[in-house]
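Student: coordinates only, no sequence provided:
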């Protein structure tokens, strides 16, 4: 790799037009400036200047190098400053969560980005296992899960609760165990866990969602209720996802006798120092949830 100190000396020489002024500007000797130039030419195998007494002109290679090197030298000269900057509303924040909480948070985060255009929100929907994997692999800054992480590298803190609802086609007015068996089940990535929590607390006959005929499956949060709205089966979903469904009049959410809510956990890499922009988003999402 080219020594960036040689590049800095070369760019200063071109801009000041004199070995003497360059040496004074860089607090070096003239022989030191000449040595940097010579080492740069030796490294590239090219002549960079044409000497004319105490004056010089750039060769074609020298002109090309100066054009390319200016950005490199400028970038390196401000690197420390840029690394120390930590604005609260600038930069990218990567978030992952199950779809339901995402339907609640994402629109609010977009409004935040609209207010602060230098802030970039990267929001991806994923099941609990995917969120945990991304936090562990530094692919997400923060995540939300409906169960606490079991990994020692990940910190979990409860930040809210979300009610689970049993959802049937709108035509179902009265629920019974028999009617659910007749309908069949529409699955989704967190469905077995969520159905187990709600149905297990309300139906003594329930053991597992495999007891119902599987009538469909979707991993897209906005599509899970489509087959339900068409009368093809029932499902269990968090309230945020149910309330966001575009054809709400074609489904019927049921609150059962024993209400069940999932705890939402904020998950982060343990001991990781968060940039100010991430801390900003964490504080706001806690408030919204």
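Tutor: Ah, there it is. Please read all numbers here as calculations on a predicted model, not as lab measurements. Numbers count the residues shown, from 1 in each chain.

Student: what comes up buried for stretch 156-165?
Tutor: If you call a residue buried by 16 or more other CB atoms under 10 Å, then stretch 156-165 has these buried ones: 156, 159, 160, 162, 164, 165. The way it works is simple: take the backbone N, C-alpha and C, and place the C-beta from them, glycine included.

Student: need the max-distance pair from these.
Tutor: Among the buried residues of stretch 156-165, the pair separated by the greatest distance (CB to CB) is 156 and 165, at 24.4 Å.

Student: next SSE after the one helix or strand in the chain whose mean pLDDT sits lowest?
Tutor: Among the helices and strands of the chain, helix 79-84 carries the lowest confidence by mean pLDDT, DSSP states H and E, at a mean of 72. Downstream of helix 79-84, the next assigned helix or strand under DSSP states H and E is strand 91-97.

Student: what's that following strand packed up against?
Tutor: helix 99-115, strand 119-125, helix 128-136, strand 142-145, helix 276-288 (3 or more CB pairs under 8 Å, 6 or more residues apart in numbering; DSSP states H and E).

Student: how far does that strand sit from the chain's center?
Tutor: Relative to the mean C-alpha coordinate of its chain, strand 91-97 is positioned 3 Å out (CA atoms, centre = their mean, to the nearest Å).

Student: which parts of it are buried?
Tutor: 93, 94, 95, 96, 97.

Student: just stretch 219-227 next, same as before
Tutor: 221, 224, 225, 226, 227.

Student: kindly report the same for stretch 233-245.
Tutor: Neighbour counts over stretch 233-245 (16+ other CB under 10 Å) mark 233, 234, 235, 236, 237, 238, 239, 240, 241, 242, 244, 245 as buried.

Student: and those, which of them are in helices?
Tutor: Residues of the buried residues of stretch 233-245 located in helices (DSSP state H): 239, 240, 241, 242.

Student: of those residues, which is the nearest to residue 86?
Tutor: residue 240 (31.8 Å).

Student: I'd say that closest one and residue 100 touch.
Tutor: Yes. In terms of CB atoms under 8 Å, residue 240 counts as a neighbour of residue 100; the distance is 4.5 Å.

Student: so what sits against both of the two?
Tutor: Each of residue 162 lies in contact with both residue 240 and residue 100 under the rule CB atoms under 8 Å, 6 or more residues apart in numbering.

Student: most widely separated two among the buried residues of strand 91-97?
Tutor: Farthest apart among the buried residues of strand 91-97 by CB to CB are 93 and 97. That separation is 12.7 Å.

Student: pLDDT below threshold where in the chain?
Tutor: Under the criterion pLDDT under 70, the flagged ranges of the chain are 82.

Student: mind listing the residues bridging to the spatially most central residue of it?
Tutor: The residue lying closest to the centre of the chain (CA atoms, centre = their mean) is residue 94, at 1.6 Å. Beta-bridge pairing of residue 94 under DSSP bridges involves residue 122.

Student: quick one: it and residue 139 touch, right?
Tutor: Yes. Using CB under 8 Å, residue 94 is in contact with residue 139, at 7.0 Å.

Student: that older thread, closest to residue 196 out of the helices and strands packed on strand 91-97?
Tutor: The nearest among the helices and strands packed on strand 91-97, by CB to CB, is helix 128-136 at 13.9 Å.

Student: quick one: residues in contact with the closest one.
Tutor: So helix 128-136 is contacted by 96-98, 124, 126, 139-140, 142-147, 149, 151, 153-154, 190, 267-269 (CB under 8 Å, 6+ apart).

Student: show me the contacts for residue 47.
Tutor: Residues near residue 47 by CB under 8 Å, 6+ apart: 41, 59, 61, 62.

Student: please, where are all the strands along the chain?
Tutor: 49-52, 55-58, 91-97, 119-125, 142-145, 154-169, 185-187, 214-217, 235-238, 251-254, 261-269 (DSSP state E).

Student: what's in contact with the second one?
Tutor: Outside strand 55-58, the residues that touch it by CB under 8 Å, 6+ apart are 14, 17, 48, 49, 50, 66.

Student: could those residues be laid out in a markdown table, adding distance to residue 279 and neighbour count?
Tutor: Listed next are the contacts of strand 55-58 as a markdown table, based on distance: CB to CB, whole Å; neighbours: other CB atoms under 10 Å:
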| residue | distance to residue 279 | neighbour count |
| --- | --- | --- |
| 14 | 43 | 19 |
| 17 | 48 | 10 |
| 48 | 47 | 22 |
| 49 | 50 | 17 |
| 50 | 55 | 11 |
| 66 | 42 | 18 |
